[in-house]
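[1] need a 3D model of the sequence below.
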Amino acid sequence: MWKVKLGRDQLSFFPSPKTIECKRMEKPIKILVVEDDPQIRFASTRTLKSAGYEVMEASTGTDGLRLATQEKPDLVLLDIGLPGIDGFEICRRIKQSPELKNIYVMMASGSMTDSDHQIEGLELGADGYVIRPIPNKELLARVQSILRLKQTEDKLRLHQDYLDNILKSMADMLIVVDPDLSIRTINQTACDLLGYEESELIGETIRIIFEGDGPQLFHEEDGSTAETPAVEIEKLIERGLVHNIETSCLAKDGKKIPVLLSGSVMRDEGGLIQGIVCIVHDITNRKTLESQLRRAQKMEAIGVLTGGIAHEFNNLLSPILGYTEILLEEKSKNDPDTAHLNKIYTAGNRAARLVRQMLAYGRQSMSQKTPVRLEDIVEDTITLLNNTIAPNISIKKEIEVNLSPILGMPGEIHQLALNLCINASHAMPDGGNLTIRVKDEGLRKFISSEGESLEGHFVSLCVSDTGLGIDSDTIERIFDPFFTTKEVGQGSGLGLSVVQGIVEQHKGHIEVKSELGKGSAFHVYFLTAQEEDKPPVVKNKPLSKGNERVLLVDDEPMITNLSSDMLTRLGYNVTAFLNGEDALKAFIENPQGFDLVMTDYGMPKMNGKELGTQIKKIRPDIPIILFTGYGDLIAKEDIHTWGMDDLLMKPLKLKKISEVLRSVLDK
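    All right, here's what the predicted structure looks like:
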């Protein structure tokens, strides 16, 4: 409890004493006279009323105690010798009652009363004692003296309550220590955060909170503790006000809490040290956000690095797949080389799929919902998992094919599947079975976590393991951000919260079933795409050809040669350049000499967007196609905003080029 001694100049911080007196004047002072002698009772009542007090009377101890309880007077003028309950017992009950203890009691007795009675009354808590007979003026003076004392104590009590409320309302921890570093005062915020009761800390040394990694405030600069508290105090005095030292304090359960600590010396009017006032600010949330920011920055760096690697891989894969595709077009099915070329083409496509997975993991893909097949994304995930999870874990897949597509974000769904599978593998440190199922669920109805009704045709992904399992209490928290059952440094606690976020983005539903020692199963349900959202059925048809004049630009000679060969094979007349500056110069010299521009996006000095913008300024009607190896980093919506007409993804394929060119040129 905060103890305070206030001087007159210190009261300005609190409610004005005049304000308190005015509030008290609004309510008349009540005095209860308990006296069995009617003449004495009458005389006392008349004297007190003449001074403006509100007076109540009781002739027995029982009535007196009842009125004191009901009316709660400011003062009780109490005779000792009463029928029923005597004055001593009434005084004892009043002073022991939490509701009545602030009532002042003035005991009265005759002149023949033994002095031991006076001592007994005062020891029971009486605030005054008078001996009768007593002149009316003296009685009134004694009553007024006690009431003045009561008013002063009421004011101090209000100030005390005000200070207590300040301490209770503080968001930061407040700790006041004596010169010997024992804790004198600590607020409730500190007790709640540290897990102690106030009584457990008062009188203990401050090192119970700052033991070990304690702040410089209580330690030498070399990290060792000072020999005596006086030395530590002198260190603080020399440094003056200590402000925002970042350190940690120790909770009762052993948990370290990151904090900012400020401290200052408290002195009395003579300059003597009374103690140290410490303000301790919990920075757990800030540290969590800093950790999250560092992780996001790391993921961003990984994304940039992955994007660059993927771009280079796509440039290498383009000639492999492109020339293989050209050769396959020239070969008959019965040609002995066809089988070998098909194997090269298949391996190249697997490599291209791996690049897409790298981009998805690096979060370089744009978050656009398109009709996708869940089974295809899961197959890609399994391919990646085969090379990443421990060899003592067996992957089993039960995947239905030709399922209805869902409207989703491929990169996000890939991350969801990957997170669930990695989480399952971590639940099997000694090995086990990881089963991945994709199936049609038909018509189903669910209630989302936000209470929204989800109804329609669903397909599901189920990831199950034969691992440790999850208890019922933990299941309630597994989707909370930063919640993890792993050791410090072995997990961020973000995996399953990310999964839930992706499910909510897709208006889906997730269920968890688990039993300790028997493993867990995560079921994720996705609504299938509406009919208008489903991708059109693609039929095999011959390559679309043309004879238009194409301006081709790419800084990679292999890609330029391949693209030129592909376009020439399709019948187009190609003029190729290895940089944007030369291509722009050629276009300026002959703007009507080209029917279409195909340009790589990522080129040094002048990229494809800049080149396309300059060309459109000269000839707004000419169609421009961008191609890129950065996956879905560029969205088709961006292309149209920039004034371009379409987008091709590397590695370039003959069939896709033929379709896109004719689509753009025939508009």
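[2] separation between D37 and C278?
    60 Å (CB to CB, to the nearest Å). Every C-beta, even on glycine, is put in place using the N, C-alpha and C of the backbone.
[3] and for A51?
    The gap separating A51 from C278 is 50 Å, by CB to CB.
[4] more neighbours, these two?
    Looking at A51 and C278 with other CB atoms under 10 Å, you find the greater number of neighbours at C278, namely 25 against 13.
[5] ok but the more buried one is inside a strand, no?
    Yes: membership of C278 in a strand is supported by DSSP: H, G, I helix; E, B strand; the rest coil.
[6] chain center to the longest helix belonging to the chain, what's the gap?
    The longest helix of the chain (DSSP state H) is helix 284-330. Using CA atoms, centre = their mean, to the nearest Å, the distance from the centre of helix 284-330 to the centre of the chain it belongs to is 29 Å.
[7] and what of stretch 263-279?
    On CA atoms, centre = their mean, the centre of stretch 263-279 falls 37 Å from that of its chain.
[8] and if you look at stretch 92-103?
    49 Å.
[9] wait, doesn't I624 sit right on T599?
    Yes: with contact defined as CB atoms under 8 Å, I624 reaches T599; the gap is 6.9 Å.
[10] now the helices for the stretch 451-600 of the chain?
    For the stretch 451-600 of the chain, the helices defined by DSSP state H, counting those that start in this stretch occupy 472-475, 495-505, 557-569, 580-589.
[11] mind naming the longest strand for this protein?
    In the chain, with assignment by DSSP state E, the single longest strand is strand 432-447.
[12] can you name every helix or strand that that strand contacts?
    Helices and strands touching strand 432-447, by 3 or more CB pairs under 8 Å, 6 or more residues apart in numbering; DSSP states H and E, are helix 374-385, strand 393-399, helix 410-426, strand 453-465, strand 519-527.
[13] which of the residues in the shortest one are buried?
    Just to be clear, that refers to strand 393-399. Across strand 393-399, burial judged by 16 or more other CB atoms under 10 Å covers I393, I399.
[14] what's in contact with the helix or strand following it?
    Downstream of strand 393-399, the first helix or strand assigned by DSSP states H and E is strand 406-408. Outside of strand 406-408, the residues within contact range by CB atoms under 8 Å, 6 or more residues apart in numbering are 369-374, 459, 506, 526-530, 533.
[15] then stretch 552-564?
    Applying CB under 8 Å, 6+ apart, the external contacts of stretch 552-564 come out as 315-316, 318-319, 322-323, 567, 574-580, 583, 597-600, 603-604, 608, 611, 627, 650, 652, 657.
[16] just the buried residues of the residues you listed.
    315-316, 318-319, 322-323, 567, 574-580, 583, 597-600, 603, 608, 611, 627, 650, 652, 657.
[17] quick one on the thing from earlier: among the helices of the stretch 451-600 of the chain, which is nearest R444?
    R444 lies closest to helix 495-505 among those, at 14.6 Å (CB to CB).
[18] and that closest one, what does it pack against?
    Helix 495-505 packs on helix 410-426, strand 509-515, strand 519-527, going by 3+ CB pairs under 8 Å, 6+ apart.
[19] make a markdown table out of those and add distance to L163, mean pLDDT and mean neighbour count.
    Shown next, in a markdown table, are the helices and strands packed on helix 495-505 (distance: least, CB to CB, whole Å; pLDDT from 0 to 100; neighbours: other CB atoms under 10 Å):
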| stretch | distance to L163 | mean pLDDT | mean neighbour count |
| --- | --- | --- | --- |
| helix 410-426 | 51 | 86 | 23 |
| strand 509-515 | 50 | 88 | 16 |
| strand 519-527 | 53 | 92 | 21 |
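[20] and of the ones you listed, who's closest to G432?
    That would be, of these and by CB to CB, strand 519-527, which comes in at 7.4 Å.
[21] how far is that closest one from where the chain is centred?
    So, by CA atoms, centre = their mean, the centroid of strand 519-527 is 25 Å from its chain's centroid.
[22] which elements pack onto that strand?
    Where contact means 3+ CB pairs under 8 Å, 6+ apart, strand 519-527 is packed against strand 406-408, helix 410-426, strand 432-447, strand 453-465, helix 495-505, strand 509-515.
[23] to T288, which of the ones you listed lies closest?
    Taking the helices and strands packed on strand 519-527 one by one with CB to CB, helix 495-505 is closest: 12.9 Å.
[24] may I see the buried residues of the closest one?
    Here helix 495-505 shows G495, L496, S497, V498, V499, Q500, I502, V503 as buried, counting by 16+ other CB under 10 Å.
[25] closest to G87 among the residues you listed?
    Distance to G87, by CB to CB, is smallest for S497 among the buried residues of helix 495-505, at 69.6 Å.
[26] check the closest one and give its pLDDT.
    On pLDDT, S497 comes in at 70.
[27] distance of it from T381?
    Taking CB to CB as the measure, S497 falls 19 Å from T381.
[28] what's the answer for L289, then?
    Taking CB to CB, one finds L289 at 30 Å from T381.
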